[in-house]
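Novice: pasting the sequence and the predicted model now:
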Amino acid sequence: MRGEREGGATEVRRLVEEHERVRREMEEGFKAEVEELKKQVEKSGKDSEEAAKTAKYLAEELSRLRRMMRVSVSQSSIPEPVVRPPTSPSSGAPL
């Protein structure tokens, strides 16, 4: 009887040690995964900030170019083209 108890106790100790080993391995794996995900989130945040800055810059640049074009047209000695309705080639009458 005593031998069975000692064998059972040894088996329990072995199982507890195995459980602890597996728990530590899983914990280390989860920590590594969490760190990787954290890095990805930080990179994504930085990428989003950079994209927003680029979009703002491009919008400002487009606005600046439009202003320049308006000033250029208004200061130009070339008259703006006159848009005429299409005409019939044979009679010259408006279509």
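Specialist: Yep, that arrived.

Novice: quick check on Pro89: phi, psi?
Specialist: phi -70, psi -30 (degrees, to the nearest 10).

Novice: next, count neighbours for it.
Specialist: 6 (other C-beta atoms under 10 Å). For every residue, glycine as well, the C-beta is placed using N, CA and C.

Novice: could we number from 9 for the rest of this?
Specialist: Sure thing, new numbering starts at 9, so read that last one as Pro97.

Novice: per-residue confidence for it?
Specialist: pLDDT for Pro97: 73.

Novice: what does Leu45 give?
Specialist: 97.

Novice: so it is in which element?
Specialist: helix 10-83 (DSSP states H and E).

Novice: can you give me the offset of that helix from its chain's centre?
Specialist: 13 Å (C-alpha atoms, centre = their mean, to the nearest Å).

Novice: against which helices or strands is it packed?
Specialist: Using 3 or more C-beta pairs under 8 Å, 6 or more residues apart in numbering; DSSP states H and E, no helix or strand is in contact with helix 10-83.

Novice: since that was my last question, I'll sign off now.
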